[in-house]
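Trainee: coordinates for the following, if possible.
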Amino acid sequence: MECKKLIFSGHAVQRMFERGISPANVREIVESGEIISEYPDDIPYPSKLILGYVGKRPIHLVLGYNEVEQTCIAITVYEPSKDIWEDDFKEKRSR
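Mentor: Below is the predicted model of the structure:
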């Protein structure tokens, strides 16, 4: 996925501030993270759940993608909980 431009939703900016995640951290996750889920029917743009790391800290990034403009939109970003996610943070635990 080529992002000519990366923009941040207001929600993402708020969550990044609350969670101590910088724009540079998000850019690094976009560039080197692993796509663990895709949501092609999301509106207004398809999105992906990406797993990346800031040091040893796992981070999930929900990223929308406007293919026409090759623009990525950071929708939200958070540290996945081991209560919800498997130890590799790629799959949800079965309940």
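Trainee: rest of the way, CA atoms for contacts and neighbours
Mentor: Fine.
Trainee: check which helix or strand the spatially most central residue of the chain maps to.
Mentor: Nearest residue to the geometric centre of the chain (C-alpha atoms, centre = their mean): Leu61, 1.2 Å. For Leu61, the host element (DSSP states H and E) is strand 57-66.
Trainee: okay, the closest residue to the residue nearest to the centre of the chain other than its chain neighbours: pLDDT?
Mentor: Excluding its sequence neighbours, the residue lying closest to Leu61 (C-alpha to C-alpha, 6 or more residues apart in numbering) is Val77, at 4.5 Å. As predicted, Val77 sits at a pLDDT of 97.
Trainee: what does Met1 give?
Mentor: So, for Met1, pLDDT stands at 68.
Trainee: that older thread, so which residues make contact with the strand holding Leu61?
Mentor: 26, 29, 45-53, 71-80, 89 (C-alpha atoms under 8 Å, 6 or more residues apart in numbering).
Trainee: what bridges to the residue nearest to the centre of the chain?
Mentor: Listed beta-bridge partners, Leu61: Ile50, Val77 (assigned using DSSP bridges).
Trainee: renumber starting at 14 from here on
Mentor: Done: numbering now begins at 14, and the last item shifts to Leu74.
Trainee: relative to Arg108, how far out is it?
Mentor: Going from Leu74 to Arg108 by C-alpha to C-alpha, to the nearest Å gives 23 Å.
Trainee: avg pLDDT for the strand holding Leu74?
Mentor: Mean predicted lDDT for strand 70-79 stands at 97.
Trainee: please enumerate the helices of the protein.
Mentor: Assigned by DSSP state H, the chain shows helices spanning 23-32, 36-45.
Trainee: out of those helices, which is the most enclosed?
Mentor: Highest mean neighbour count of the helices of the chain: helix 36-45, a mean of 17 (counted as mean count of other C-alpha atoms under 10 Å).
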